[in-house]
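In: coordinates for the following, if possible.
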Amino acid sequence: RSKALAVAGWEEGKAAILGGDYDLVVLDEVTYPVSWGWVDVDDVANTLRTRPPKVHVVLTGRNAHERLVEVADTVTEMRKVKHAFDADVPAQR
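Out: Below is the predicted model of the structure:
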């Protein structure tokens, strides 16, 4: 079920990127289904390479596949300084 949701989410994101209707598309936590092999890394990399010039894409998640790092314009690693979970604040919808 999770894999199917990830694949469907990728297809929706891919359509948004290639459609050119948006200036910015954010694919939150997409590195995980790519790393797990649920979403094809070559498909993601090729989509990023062939996107319309005005479309900016932000991919989030840890341990991005090297192919995604290669095609990216900017790669950032973040580290936690403070997090609500540390104060027992539960996840929010």
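In: can you map out the strands along this protein?
Out: 24-27, 56-59 (DSSP state E).
In: just give me the longest helix of the protein.
Out: Counting by DSSP state H, the longest helix found in the chain is helix 2-19.
In: that one: how far from the chain's middle?
Out: Relative to its parent chain, helix 2-19 has a centroid offset of 10 Å by C-alpha atoms, centre = their mean, to the nearest Å.
In: now stretch 70-78
Out: Counting by C-alpha atoms, centre = their mean, stretch 70-78 comes out at 11 Å from the chain centroid.
In: quick check: buried residues in that stretch?
Out: Buried residues in stretch 70-78, counted by 16 or more other C-beta atoms under 10 Å: residue 71. Placement of C-beta: from N, CA and C, glycine included.
In: other residues contacting it?
Out: 45, 48-49, 59, 64, 69 (C-beta atoms under 8 Å, 6 or more residues apart in numbering).
In: contact partners for residue 49?
Out: Taking C-beta under 8 Å, 6+ apart, one finds residue 71 in contact with residue 49.
In: you'd agree residue 18 is up against residue 51?
Out: Yes: shown here, residue 18 and residue 51 form a contact pair, counting by C-beta atoms under 8 Å, at 6.4 Å.
In: more neighbours: which of the two?
Out: residue 51 (18 against 14; other C-beta atoms under 10 Å).
In: list the buried residues of stretch 41-60.
Out: By neighbour count on 16+ other C-beta under 10 Å, the buried set for stretch 41-60 is 41, 44-45, 47-48, 51, 55, 57, 59.
In: residue 56 pairs with what?
Out: Here residue 56 sits in beta bridges with residue 24, going by DSSP bridges.
In: that one contacts residue 27, correct?
Out: No: applying C-beta under 8 Å, one finds residue 56 not in contact with residue 27, separated by 11.7 Å.
In: overlap of the contact sets of these two?
Out: By C-beta under 8 Å, 6+ apart, no residue touches both residue 56 and residue 27.
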